[in-house]
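# make a model of this:
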Amino acid sequence: MTIVVGYVDRPEGRAALEAAIAEARRSGERLVVVSVVRDRVSGADSAVLDARLAGEAFPHEVRRGGGEWVPADALLRAVTECRARLVVIGMRERPVLGRLLPGATAQQLVLESPCDVLTVRAPGR
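Numbering: from 1, shown residues only. Below you'll find the model as predicted:
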C-alpha cells in the first residue's frame with residue numbers, strides 16, 4: 001500500500017511530511033510526496049525535500065507541480081493512482097472562529113478521499 005502526503009515548505013507542510021515519514025518507517029509502505037505549491041518550486045525547496053528523503057529505507061517518490069495544480073485535486077489524483085491507504089496533510093493555524101471550518105483543501109480531501117485522511121498541526125501550534 002501507499003501513503004500520500006501533501007507538502008508545502010511551511011511549518012504545517014513539514015509537520016505533515018514528518019508524520020508521513022514516521023508512518024512509512026513504521027509500516028514499510030511506499031511514500032508519495034505531492035509538492036503542492038501555487039508558485040513554481042524553487043531549487044532550494046526541492047533540494048531541502050530531496051535531502052530530507054535521502055537515505056530513507058522505505059520506497060518513495062516526489063511529485064512536483066506548479067501553479068496549474070489545484071492542491072486537493074493533485075492529492076486526490078495521487079491517492080487514486082497509487083491506491084493509497086492514507087493521505088496526510090498539514091493544517092494551518094486558524095483564527096478562533098475559523099477553527100470551526102477546515103480550509104478548502106482539507107475539506108475537499110475529507111469529503112472526497114477514498115482513504116483515511118490524517119491531519120497534523122505544526123509543533124507549538
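
# L109 is in contact with I89, correct?
Yes - at 6.2 Å, I89 and L109 qualify as touching, with contact defined as Cβ atoms under 8 Å. All C-beta spots, glycine's among them, are computed from the backbone N, C-alpha and C.

# which residues do the two both contact?
75, 117 (Cβ atoms under 8 Å, 6 or more residues apart in numbering).

# which one's more surrounded, the two?
Remark: of I89 and L109, I89 carries more neighbours, 31 against 23, as counted by other Cβ atoms under 10 Å.

# ok so the more buried one is a strand residue?
Yes - looking at I89 with DSSP: H, G, I helix; E, B strand; the rest coil, it is inside a strand.

# give the bridge partners for the residue lying closest to it once chain neighbours are set aside, please.
Nearest-residue entry for I89: G6, 4.6 Å, with adjacent residues in sequence omitted and distances by Cβ to Cβ, 6 or more residues apart in numbering. Note on G6: beta-bridge partners V34, judged by DSSP bridges.

# kindly provide the distance from G6 to G55.
Plainly put, G6 is 22 Å away from G55 if you go by Cβ to Cβ, to the nearest Å.
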